[in-house]
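Asks: Prediction below, plus the sequence it came from.
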Number of protein chains: 2
Amino acid sequence: MIGRLIERIQKTGAPICVGLDPMLAYIPEHILERSYEEFGETLLGAADAIYHYNVEIVDATYDLVPAVKPQIAMYEQFGLPGLEAYKKTVDYCRGKGLLVIGDIKRGDIGSTSAAYAAGHIGTVRVGNKSFTTMFSNDFITVNPYMGTDGIKPFVDVCNSDDKGIFVLVKTSNPSSGDFQDKLVEGRPLYELVAEKVNEWGSWSMDGDYSNVGAVIGATYPQMSAILRRIMPAIYFLVPGYGAQGGTAEDLKHCFNKDGLGAIINSSRGIIAAYRQQQYSKFGAEHFADASRQAVLDMVADIRSVL
Amino acid sequence: MIGRLIERIQKTGAPICVGLDPMLAYIPEHILERSYEEFGETLLGAADAIYHYNVEIVDATYDLVPAVKPQIAMYEQFGLPGLEAYKKTVDYCRGKGLLVIGDIKRGDIGSTSAAYAAGHIGTVRVGNKSFTTMFSNDFITVNPYMGTDGIKPFVDVCNSDDKGIFVLVKTSNPSSGDFQDKLVEGRPLYELVAEKVNEWGSWSMDGDYSNVGAVIGATYPQMSAILRRIMPAIYFLVPGYGAQGGTAEDLKHCFNKDGLGAIINSSRGIIAAYRQQQYSKFGAEHFADASRQAVLDMVADIRSVL
């Protein structure tokens, strides 16, 4: 699967993905009004607005980028209607030829991780039938806190179903250091996690890179170079660009000399671009055009440091 | 909320909860057949079988225990129909007067954790309306890897909506030591997490105990005594009893001198009791009676060490 992502990154020339993390506050009034008119101010109404907001953004950007990263929490908070909007979003994006990185951050003991893997990137059996279930992501993000036996079921599905995962190593949030930066024999915990990711990654190679990637926050550039050296064959999924404070200059160490090795995510900076001064000329009616311009600007910005 | 859990533990005399983690392999043939007849060997068929299996177990045990702990992955793997069965299970259990601990192990950066908190234990706003959404758990489990700002939104909802959380500290799986046991300044990481849980717990006290609890695996008894001392006001949710290898003797250090401070979970050992030699006399037709007997035996076992 990582080979397919690399192919699309090379084809688009854009090592970036669009974070489909729709908050209701981002959605223009005219979309909200239309959905509330049809479904009322209900969970269904919210889910409908989210889906149509996503569709316009995807329509305006799918030719520019290799992948999208929907954050499932933004859908899950609206219950079953929200999760149906998640599923419809995933399916719509795949129909447009985009790869989908489900940002689900699941992780549990082995048998439970196996169920998450089956549901989100794999196959479940019911009697004599098999189903690739509702959430047919290409990649998902996973949490390493439980250790190897909590990750192995995901890697197994990477191999059986040609999928990929990104394991949290160093996250982009202000408190990420609470545990991730703690020194273990003089080295931060995230480096130990990185070494484990290397090991897990060796179980599912696809060309020069592994189907097992790592989440590395853009907000900590000094760490990227070290992590890049520790994990040469591991793709980095990098959140935190833009709204969370990461700049292109901060990102260059995430890439290998081949210009590969990282995909940079931006969520709010793209999907809510029309609300920024820089793109306000587009207006709320043309919010998706603002998103397209924000993608073009981000691609140019990142390519300037490669 | 922790006060309500303690009240029910005292009323039932049973510091245990039933883990509703239905694997299709556990469900008796006659239930599967009935559901497959109605819905086919489909996701709907699987979800229907899971729900009816749960209902019989809950009917046979709800008067004996204070709480249940459905593992959401076992439902989520069947997509939207599976999650609808999760919701129906949660609602059914609450209707029977049980408290529900949603074992969801979510956790992310602040804004994303806020969405998970709203969806699973809190309230979401849509326009001018508020919804306690589909997944109205009383407690949920959360993952601490992202640090304080990933946990705070959950604690905020504990306060605003009178709910509770259990934070993963030391998990019950064989690889839990990969990172959790690593020594930071001579002390295992899980002790540092425990100290943070203490701090987070102080933000949401409810009588002598906090609405913020900790997940402490029963499979590592030598650690329980230390963790009990570090976190005197923190309730422990203890998985790993029975099928995962933990015994009652292993558990006694999880409790405080007041006989409180811990709730022990058993999943497979109760819900699939009829498949064990010890309870085989009940037969698959009377699987729920086997579950009731397994609860009675577990309560007696645990009370013997208190």
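Replies: The structure has been received and is ready for your questions. Numbering: from 1, shown residues only, chains lettered A, B, ... in the order given.

Asks: Tell me where chain A has strands.
Replies: Applying DSSP state E to chain A gives strands spanning A:16-18, A:67-68, A:99-106, A:124-126, A:129-131, A:139-142, A:164-170, A:183-184, A:187-188, A:205-206, A:209-210, A:212-216, A:236-238, A:262-266.

Asks: What mean pLDDT does the second one get?
Replies: Going back to what we said before, that points to strand A:67-68. For strand A:67-68, the mean per-residue pLDDT is 98.

Asks: The longest one now?
Replies: Averaging pLDDT along strand A:99-106 gives 98.

Asks: is any part of it close to chain B?
Replies: Yes. Residues of strand A:99-106 contacting chain B under CB under 8 Å from any CB of the partner chain: A:105-106. Quick note: C-beta positions are derived from backbone N, CA and C, even for glycine.

Asks: what's that strand in contact with?
Replies: Strand A:99-106 has contacts (CB atoms under 8 Å, 6 or more residues apart in numbering or on different chains) with A:4-5, A:8, A:17, A:19, A:21, A:66-72, A:90, A:93-94, A:113, A:116, A:120-121, A:135-143, A:166, A:168, A:237, B:73, B:105-108, B:143.

Asks: are any of these buried, and which?
Replies: Using 16 or more other CB atoms under 10 Å in any protein chain shown as the burial test, the contacts of strand A:99-106 include A:5, A:8, A:17, A:19, A:21, A:66-72, A:90, A:93, A:113, A:116, A:120-121, A:135-143, A:166, A:168, A:237, B:73, B:105-108, B:143 as buried.

Asks: To B:Asn198, which of the strands of chain A lies closest?
Replies: Closest to B:Asn198 of the strands of chain A is strand A:183-184 (CB to CB; 21.3 Å).

Asks: Now do the closest one: everything it contacts.
Replies: Identification of contacts with strand A:183-184 by CB under 8 Å, 6+ apart yields A:189, A:192, B:182-185, B:189.

Asks: Just give me the least confident of these.
Replies: Among these, B:Glu185 carries the weakest pLDDT, at 88.

Asks: give me the low-pLDDT residue ranges for the stretch 151-300 of chain A?
Replies: Within the stretch 151-300 of chain A, the stretches with pLDDT under 70 are A:243-245.

Asks: What segments of it are helices?
Replies: For the stretch 151-300 of chain A, the helices defined by DSSP state H, counting those that start in this stretch occupy A:177-180, A:189-202, A:221-230, A:248-251, A:268-271, A:287-303.

Asks: Take these and lay them out in CSV including mean neighbour count.
Replies: Below are the helices of the stretch 151-300 of chain A laid out as CSV (neighbours: other CB atoms under 10 Å in any protein chain shown):
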stretch, mean neighbour count
helix A:177-180, 22
helix A:189-202, 21
helix A:221-230, 17
helix A:248-251, 18
helix A:268-271, 25
helix A:287-303, 20
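
Asks: right, and these - which one's nearest A:Ala214?
Replies: helix A:189-202 (5.1 Å).

Asks: near chain B, anything from that closest one?
Replies: Yes. Applying CB under 8 Å from any CB, one finds helix A:189-202 touching chain B at A:189, A:192-193, A:196.

Asks: how much space between the residue nearest in space to the middle of chain A and A:Asn159?
Replies: With distances taken as CA atoms, centre = their mean, the residue of chain A nearest its centroid is A:Lys69 (3.4 Å). Shown here: A:Lys69 relative to A:Asn159, a distance of 22 Å by CB to CB, to the nearest Å.

Asks: do A:Leu227 as well
Replies: 24 Å.

Asks: May I see the helices of the stretch 151-300 of chain A organised as a markdown table, with distance to B:Met205 added?
Replies: What follows is the helices of the stretch 151-300 of chain A, written out as a markdown table (distance: least, CB to CB, whole Å):
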| stretch | distance to B:Met205 |
| --- | --- |
| helix A:177-180 | 21 |
| helix A:189-202 | 30 |
| helix A:221-230 | 37 |
| helix A:248-251 | 41 |
| helix A:268-271 | 35 |
| helix A:287-303 | 45 |
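
Asks: Minimum distance to A:Val212: which of these has it?
Replies: When those are compared by CB to CB, helix A:189-202 sits nearest A:Val212, at 4.0 Å.

Asks: For that closest one, which outside residues touch it?
Replies: Residues contacting helix A:189-202 (CB under 8 Å, 6+ apart): A:144, A:147-148, A:151-152, A:155, A:167-170, A:179-184, A:210-214, A:223, A:226-227, A:230-231, A:233-234, B:178-179, B:182, B:184, B:189.

Asks: what do you get if the cut-off is 6 Å, keeping everything else the same?
Replies: A:144, A:151, A:155, A:167, A:169-170, A:180, A:182, A:184, A:210, A:212, A:214, A:227, A:230-231, A:234 (CB atoms under 6 Å, 6 or more residues apart in numbering or on different chains).
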